[in-house]
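A.B. asks: give me a 3D structure for the following:
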Amino acid sequence: MPGATAPGIFVFDALGRASREARNFGERGMRYATVIDGGREQAAVITPEGAVLVADINARLGRAWPTGLMELIEAGLPPALIHDARASGAARPVETLRFGPLYRHPRKIWGIGLNYRDHAADLNAVYPDEPASFIKGDQTIIGPGDTIELPPESQRVTAEAELGVIIGRTCRRVSEGDALSYVAGYCLILDMTAEDILQKNPRYLTRSKNFDTFFSFGPELITPDEVDDLLALEVSTIRNGQLHRRNVVGNMQFPPAHLISFHSHVMTLHPGDIISTGTPGAVVIENGDVAECRIGGLGVLTNPVRRG
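C.D. replies: Okay, here's the model as predicted:
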């Protein structure tokens with residue numbers, strides 16, 4: 001097949017360029033991404049041979065699949081699309097492509113604060129008895145390699161690596177035991193906070209979290225059957241190539257299943273809604289830095305930092 005290379009997962013640098021990292025790939029589940037082609041953001045299926053744009057599948061096989069990843073999630077990420085991707089012969093080497101955020105307009109982005117025990121201790125914060133959650137607007141969204149813009153209103157911004165949970169089916173008041181069956185997939189997230197604004201008054205949380213460019217997510221949506229052990233995933237916050245803090249999902253106070261169930265009792269969750277599950281540690285970022293989220297087995301998300 002054109003563009004065939006050895007199986008692997010893809011690692012993205014600060015310019016959003018992909019390279020391949022050796023690993024057994026996609027024998028059970030699948031990975032999806034959004035690539036920028038001809039100035040347009042388009043959904044792609046990531047196969048062992050490379051990235052297959054859904055638009056190319058439609059053109060070669062006469063299909064009519066939605067060409068946006070949000071719409072594919074709403075359609076249930078149809079398994080037949082995986083077969084079509086491999087049958088199309090349309091794989092492109094990922095190294096030649098520019099990747100964008102998975103999608104631009106989720107209905108909701110839930111963020112979770114102080115969800116790792118060690119992080120709460122770092123901040124001398126009282127550990128919450130229930131998830132300490134907040135909502136972010138979609139104007140914060142950027143993708144791999146896009147620039148995090150430090151606003152003039154803040155002199156102390158932090159970046160926080162997090163595991164993202166993407167909802168795949170509408171859910172309301174679901175049990176913790178059933179919650180993971182509503183997940184479309186997982187992704188990497190860099191969530192930013194204007195920490196000096198938040199420190200003035202905790203009621204300023206919404207403002208501190210919602211500056212433009214304060215939410216990077218991608219580079220791939222990884223389906224749940226690609227993840228052998230969710231609680232064993234290791235999440236790392238990295239700045240300029242140096243590890244700041246890492247921890248495993250199993251050390252969360254409120255694991256992903258609990259977060260889905262809890263928030264489904266607050267409001268209905270819809271396909272494409274995102275839960276950003278909390279960070280093992282926040283690192284201060286400055287002009288010229290490169291912030292990075294690394295999750296073992298899932299990939300790497302990087303973004304350069306600039307003060308305008």
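A.B. asks: contacts only, for Arg307.
C.D. replies: 149-150, 286-287 (C-beta atoms under 8 Å, 6 or more residues apart in numbering). C-beta coordinates here come from the backbone N, C-alpha and C atoms, glycine included.
A.B. asks: buried among these? Make that a PyMOL selection.
C.D. replies: Only the buried entries of these go into this PyMOL selection, using 16 or more other C-beta atoms under 10 Å:
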select buried, resi 149+150
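A.B. asks: next, count neighbours for the residue nearest to Ile36 when sequence neighbours are not counted.
C.D. replies: Sequence neighbours aside, Arg98 is the residue nearest to Ile36 in space, at 4.4 Å (criterion: C-beta to C-beta, 6 or more residues apart in numbering). Using other C-beta atoms under 10 Å, Arg98 is surrounded by 16 other residues.
A.B. asks: ok, which stretches of the stretch 101-250 of the chain are strands?
C.D. replies: Per DSSP state E, counting those that start in this stretch, the stretch 101-250 of the chain carries strands over the ranges 109-113, 132-136, 141-142, 148-150, 157-167, 183-194, 215-222, 234-239, 242-248.
A.B. asks: mind putting those in CSV, distance to Thr302 included?
C.D. replies: Listed next are these as CSV, based on distance: least, C-beta to C-beta, whole Å:
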stretch, distance to Thr302
strand 109-113, 20
strand 132-136, 20
strand 141-142, 11
strand 148-150, 10
strand 157-167, 10
strand 183-194, 8
strand 215-222, 9
strand 234-239, 8
strand 242-248, 13
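A.B. asks: need the ones you listed in TSV (columns: distance to Val305 and mean pLDDT).
C.D. replies: Shown next, in TSV, are the strands of the stretch 101-250 of the chain (distance: least, C-beta to C-beta, whole Å; pLDDT from 0 to 100):
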stretch	distance to Val305	mean pLDDT
strand 109-113	19	96
strand 132-136	18	96
strand 141-142	11	98
strand 148-150	5	98
strand 157-167	8	98
strand 183-194	9	98
strand 215-222	11	97
strand 234-239	9	98
strand 242-248	14	97
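A.B. asks: highest average neighbour count across those?
C.D. replies: Comparing the strands of the stretch 101-250 of the chain by mean neighbour count (mean count of other C-beta atoms under 10 Å), strand 215-222 ranks first with a mean of 28.
A.B. asks: direction included, what does it pair against?
C.D. replies: Note on strand 215-222: by DSSP bridges, its sheet partners are strand 31-37 (antiparallel), strand 141-142 (parallel), strand 183-194 (antiparallel).
A.B. asks: which segments of this protein make up each domain?
C.D. replies: 8-99, 109-307 (automatic domain parsing).
A.B. asks: by mean pLDDT, show me the worst of those domains.
C.D. replies: Mean pLDDT across the domains of the chain is lowest at domain 8-99; the value there is a mean of 85.
A.B. asks: chain center to that one: distance?
C.D. replies: 16 Å (C-alpha atoms, centre = their mean, to the nearest Å).
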